[in-house]
Every structure is written in structure tokens, then in C-alpha cells.
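Chemist: with the input below, show me the fold.
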Amino acid sequence: ERENRLLKIVFFLVLLTLSAVFFMGANKWNKEITTESLNIVDKKGKTRIEVSTDIEGTKAPAIAFYDSKGETKLMMAVAEDETPMIALCDSKGKEVLAMSVPEDGTPAIYFFNSTKSKKKLTIGIVENGTPGIIFYDSKGETRLVMNVSEEGMPVISLLNSEGEVGLTMAVSEEEMSIMGLSDSKGGARLVMAVSENGTPEIIFCDSEGKNRLVIATSDDGAPTLKFYGPDGKLIQSLP
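Modeler: So this is what the prediction gives:
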């Protein structure tokens, strides 16, 4: 009987020790959860938030938020090229607005056509660290760019279907208002400008972009007409 009592005491101590180890381990586990995917559901059991390292087969770590119908409404992710992004979707789960910072470090906001998921508008840093807005056609090609140059010159450029600039409007550093028309290859062919002192000027260029004919008015309002050769030298001036 004495030995049985001793065995019971030993068994109780062993059980107590195992219980302590179990609860200590449980408390430690509750502080950290390690998993590749985590779904948070509502009271009806529908997934409303998903955290995964390969969400929707994109191989991108992301957090997705869903509506009651299961459509994606918001997603935060890091793409395969390490680009961080935030996407907002419409009622059908189509991406309509996205914010990202590409490899070159230029932040941008993108607007999409929800029916075809094509980019229609971009607001961001377009080139050389200058702010700008880019408009796209139904094929996703750039057709209109509005930006401010490094020198602080506001510029509006209209592009053809081949991506070549067809018309440019700008205000130069010298406060000269300029509008330039180009051929299908982007070469300047006609320039209209108003100088800082208010005198207008029209310049006709050849296929190489060289001035060949200049129509202008002088400071006193007198009209002038100048003809230039292919070498850029003045041939004749009227009057």
C-alpha cells in the first residue's frame, strides 16, 4: 500500500510536469503563428480577409480583402519583381485603381478600364524625376502626356498611334509660348510661338527639322518674311 501511494505521487508529479510543459508551449505558440496562408472568415464562414505568400496563384505575398460575394475589393501585395502595390477593385473584382513604386523608385497611381482591365491614366513621376499625367488609348498606347520639365517648363504632348509626338505645347523658361507640329516620325515641321515681348512667329521646317521659312512681326509691328537654305543660312528677307 505504501508503494502504491508512492507510485501515485510520482505519477501525479510527472503529470503535473507534463501539463506545465504543455501550457508553457501553448502560451509560446499563441505569441507566434507560422503559416503560408491565413483566411479570416465572417459569421457565415465566407472568407473576407486572406493573407498568403501565393495569393490567387500570383506567387506574390499579399493581403486581400473580399466583399460578401467573394469579389476582391482591396489587395496589398509585393510583386515578383519586388514592386510594392495597392490595388482597388470594382463590384466585379476588376482592378480599377492601383498605386505602386517600381524598381526605379518613381511612385505612380494607375487608373484602369474595368471592362478590359487596360491602363487608361497614370499620375506620377514620368521622367527625370518630373511630375506628370499620362493618358492611354483603348490599346494601352500613350496618347497624351502632361508634365513639368526639369527646368520648370509646363509641357503638353499629343502622340500618334505609333507613339511619336505629333503636337507639343509649352511655355519656355524665357516665358515664350510655343506650339509645335510634327510629322508622323516625330520630326518638327511647324512651330508657332509668341516671344516674351509679345511678338508672334511662325517657323516652317524641312524633313531634317531645319528652319526654311520664318514669318514674324518686329517689335514695331512690321511683318517680316525670311527664307533659309538647307545649310541654315539666310537666303532672302522681306521687306
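Chemist: okay, and the beta partners of the residue positioned nearest the centre of the chain?
Modeler: The centroid of the chain falls nearest to residue 108 when counting by C-alpha atoms, centre = their mean (3.3 Å). Residue 108 forms beta bridges with residue 100, residue 124, as assigned by DSSP bridges.
Chemist: in terms of helix, strand or coil, where does residue 80 fall?
Modeler: coil (DSSP: H, G, I helix; E, B strand; the rest coil).
Chemist: count of neighbours near it?
Modeler: 9 (other C-beta atoms under 10 Å). Where C-beta positions appear, they are placed from N, C-alpha and C, glycine not excepted.
Chemist: what pLDDT is listed against it?
Modeler: Residue-level confidence at residue 80 comes out at 80, pLDDT.
Chemist: what about the residue nearest to the centre of the chain, distance to residue 78?
Modeler: In this view, residue 108 and residue 78 are 16 Å apart by C-beta to C-beta, to the nearest Å.
Chemist: residue 227 too?
Modeler: In terms of C-beta to C-beta, residue 227 sits 61 Å off from residue 78.
Chemist: just the pLDDT at the residue nearest to the centre of the chain, thanks.
Modeler: 91.
Chemist: show me what contacts it?
Modeler: 99, 100, 101, 102, 122, 123, 124, 125 (C-beta atoms under 8 Å, 6 or more residues apart in numbering).
Chemist: name the nearest residue to the fourth one, ignoring sequence neighbours.
Modeler: Nearest non-adjacent residue to residue 102, counting by C-beta to C-beta, 6 or more residues apart in numbering: residue 83, 5.4 Å away.
Chemist: over to the first one?
Modeler: For residue 99, the nearest residue in space outside its immediate sequence neighbours is residue 86; the separation is 4.8 Å by C-beta to C-beta, 6+ apart.
Chemist: and the helix or strand harbouring that neighbour, what does it pack onto?
Modeler: Element membership for residue 86 (DSSP states H and E) is strand 84-89. Using 3 or more C-beta pairs under 8 Å, 6 or more residues apart in numbering; DSSP states H and E, the elements in contact with strand 84-89 are strand 72-78, strand 95-100.
Chemist: again, only using 10 Å
Modeler: strand 62-66, strand 72-78, strand 95-100, strand 108-113 (3 or more C-beta pairs under 10 Å, 6 or more residues apart in numbering; DSSP states H and E).
Chemist: make CSV out of the ones you listed and add distance to residue 156.
Modeler: Below are the helices and strands packed on strand 84-89 laid out as CSV (distance: least, C-beta to C-beta, whole Å):
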stretch, distance to residue 156
strand 62-66, 37
strand 72-78, 34
strand 95-100, 24
strand 108-113, 19
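Chemist: so which of those comes closest to residue 158?
Modeler: For residue 158, the closest of the helices and strands packed on strand 84-89 is strand 108-113, at 19.1 Å, according to C-beta to C-beta.
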